[in-house]
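# Prediction below, plus the sequence it came from.
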Amino acid sequence: MPHFSGHETFTLRQMWLKKVFDQKTEDNRIKKSVFTNEESIARFGVGKNMVASIRHWALATNLISEGRSDDYELSTTAQKIFSNDGLDPYSENPTTAWFVHWQLAGLGNRSTTWFWLFNKVTAPNFRKTDLERPLADFAAKFNTKRGVSASTLTRDIDTCIRSYAPRSGGGSPEDFAEPMLGELGLIAEETKGIFAFRRGPKPTLSNGMFVYALIDYWEALNSSASSMAFESIVYGEGSPGRVFKLDEESVAERLFSLDEFTLGVLSWTDTSGLRQVLRKSWDSSAFRNRMLDKAYE
């Protein structure tokens, strides 16, 4: 189901996910009242609309999910990263920003524009207004009963791009707040109002995070397949190459070392001009957790 709102036009800030995590109960749930009761503004130290935005980002990044009870369920990955003794409780490691970007643009839960922008837009540069009609056409394919207003899509596009390329100048405190994803260098404002993706090697993207994303992509594409073509990893919709804006050479360099890095679970082969990654049988959940650990080493 497409989703184009909920963030209240606020970009995700560095400590917001940790603030949500710290509200967890002993059984690793987040009470919905945390975001709605009278104490919520004081609890998060922000205004009412920003509290709603914090909840949206926690859901969109899969930190929390709708459970079978009245509470939100906290993901095991969130516990692994944001616990006080976890991998990166204060989001100081760039891997956490890459992980969040993957959740938004790779998986696209409650972040349709993020997924669409990084997977569907291929123009070398673009203005925000260039994106409005194509995104509206994309949204229309879902045949939602009420449809999506043009103003909603415009706000979502603006929020998405500001998440990576903050406004320069401006008079409000919001204009000067550094978004969590701004450090990734994925989108740049080349000249005023004209943006471009930054393709090529991503030095702060760890191999562990790259493989973590590859596992997700493999499972979504064909979980039973024992091989995956190089071109799919680089160019496929929802692939690590496309979502992380890596070029062919950068992807190839990472794939060459797969055998050693994954202890033989994944391996690279190039025989008779057929470039592909092979995989042995895996417990995807355990393998994914192992790669997440290695991403923070």
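Perfect, thanks for sending it. Numbers count the residues shown, from 1 in each chain.

# What is the three-state secondary structure of Pro166?
coil (DSSP: H, G, I helix; E, B strand; the rest coil).

# Show me how the chain divides into domains.
Partitioning the chain according to automatic domain parsing yields domains covering residues 16-197, 207-295.

# Next one: the nearest residue to Glu190 once chain neighbours are set aside from Thr122, what distance?
Nearest residue to Glu190, sequence neighbours excluded (C-beta to C-beta, 6 or more residues apart in numbering): Ala196, at 5.2 Å. Where you see a C-beta, it was placed from the backbone N, CA and C, and this is true even at glycine. In this view, Ala196 and Thr122 are 12 Å apart by C-beta to C-beta, to the nearest Å.

# out of the two, which sits in the more crowded spot?
Legend: neighbour count by other C-beta atoms under 10 Å for Ala196 and Thr122, higher for Ala196 (15 against 9).

# Now do the contacts for the nearest residue to Met228 once chain neighbours are set aside.
Nearest non-adjacent residue to Met228, counting by C-beta to C-beta, 6+ apart: Val277, 5.0 Å away. Val277 makes contact with Leu214, Ser227, Met228, Phe230, Ile233, Leu255, Leu258, Leu266, Ser267, Trp268, Thr269, according to C-beta atoms under 8 Å, 6 or more residues apart in numbering.

# Give the next helix or strand downstream of the least confident helix or strand in the chain by mean pLDDT.
Taking mean pLDDT, DSSP states H and E as the measure, the chain has helix 173-176 as its least confident helix or strand, at a mean of 50. Next along the chain after helix 173-176, taking DSSP states H and E as the criterion, comes strand 187-191.

# tell me what that following strand is packed against?
When contacts are defined as 3 or more C-beta pairs under 8 Å, 6 or more residues apart in numbering; DSSP states H and E, strand 187-191 sits against strand 194-197.
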